[in-house]
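Trainee: predicted model and sequence below, questions to follow.
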There are 2 protein chains.
Amino acid sequence: MAYDEVFLALADPTRRALLETLRRGPANVKTLAAPLPMSRPAVSQHLKVLSDAGLVMCEAEGTKRIYAIDKEGLAAVRGWLDTMWDDALDAFAAEAHRRAKGKLP
Amino acid sequence: MAYDEVFLALADPTRRALLETLRRGPANVKTLAAPLPMSRPAVSQHLKVLSDAGLVMCEAEGTKRIYAIDKEGLAAVRGWLDTMWDDALDAFAAEAHRRAKGKLP
DNA sequence: GAAAAATGTAAGCTGAAGCTTACCAAGCTT
DNA sequence: AAGCTTGGTAAGCTTCAGCTTACATTTTTC
């Protein structure tokens, strides 16, 4: 799993807006592009980035492409954050203990 | 809270590497820069981005600046992801229900 | 107080991300 | 089958992120 792709995908506000729309359920490209202040091809490009990152998946339905959130990508980010969070808590506790024991600031 | 800054900060592999080092406890700039394949000023710039995003905090100690993980930034990202996750689960369940009830694919 | 250590900042370069327009492909509709 | 709808892709432009070198600043040390 490439964290680089996932975080880079999440770094763009337009792509996060797309995800927030898809939060409520699947949608096709035209619907997704409608409220956004940019051209439809731009939205297609954003969707490709999200798709490559594993954050959304696509299913053809006639001429339409129905996009939906792919939980795998989100799970990966959650895992990374959880590890970071737990270790940071441990390090924080250890640091506090070290300070309380040794040199008081 | 500016998600833009946080996600943009996390999008860079060097900055994630810095966070993974800080996971194990606070460190100064020289120590953080040592294993990285770039100049020390570059690392300083990365630390500024992380700091602006609220992901790390800094404390002066003599001429040294001790950087440490700031849990607030991480918490913000976790919150965003959790909301996304929960809503995506609901939407997924609703979609499955809709399909099972109405037109079977 | 002069030299050294640690670090932030400015200026400049390079590559890549994001947008647009134009074009192409595939499926409905009549 | 001719035309409309939907949407992916290519080429080109512009802006910005990230790196480097050079310089300024602050605190410690001798």
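Mentor: It's in. This is a predicted model, so every value here is computed, not measured.
Trainee: drop to CA atoms for contacts and neighbour counts, all remaining ones
Mentor: Fine.
Trainee: all the strands of chain A, residue numbers only.
Mentor: In chain order, chain A shows strands spanning A:27-28, A:56-61, A:64-69, with DSSP state E as the criterion.
Trainee: please see if the last one touches DNA strand C.
Mentor: No. Using Cα under 7 Å from any atom of the strand, strand A:64-69 stays clear of DNA strand C, coming no nearer than 8.0 Å.
Trainee: got the buried residues for that strand?
Mentor: Across strand A:64-69, burial judged by 16 or more other Cα atoms under 10 Å in any protein chain shown covers A:65-69.
Trainee: swap in the second one?
Mentor: Burial within strand A:56-61, assessed by neighbour count using 16+ other Cα under 10 Å, is assigned to A:56-58.
Trainee: on that earlier part again, out of the strands of chain A, which comes closest to chain B?
Mentor: Comparing the strands of chain A by their distance to chain B (Cα to the nearest Cα), the top pick is strand A:64-69, with 6.7 Å.
Trainee: now the helices for chain A?
Mentor: Counting by DSSP state H, one finds helices in chain A at the ranges A:3-10, A:13-22, A:29-33, A:40-52, A:71-101.
Trainee: name the residues of chain A found near DNA strand C, please.
Mentor: A:9, A:11-12, A:14, A:37-43, A:46, A:61-63.
Trainee: tell me which strands and helices the helix or strand bottoming out on mean pLDDT in chain A is in contact with?
Mentor: Lowest on mean pLDDT, DSSP states H and E among the helices and strands of chain A sits helix A:71-101, with a mean of 79. Applying 3 or more Cα pairs under 8 Å, 6 or more residues apart in numbering or on different chains; DSSP states H and E, we find helix A:71-101 packed against helix A:3-10, helix B:71-101.
Trainee: and the angle from that helix to helix A:3-10?
Mentor: Between helix A:71-101 and helix A:3-10, the angle comes out at 100 degrees (axes from the mean of the first three to the mean of the last three Cα atoms, to 10 degrees).
Trainee: picking that back up, okay if I get the buried residues of strand A:64-69 as a markdown table plus pLDDT and distance to residue A:80?
Mentor: As requested, the buried residues of strand A:64-69 are exported to a markdown table (pLDDT from 0 to 100; distance: Cα to Cα, whole Å):
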| residue | pLDDT | distance to residue A:80 |
| --- | --- | --- |
| A:65 | 98 | 30 |
| A:66 | 98 | 29 |
| A:67 | 98 | 25 |
| A:68 | 96 | 22 |
| A:69 | 95 | 19 |
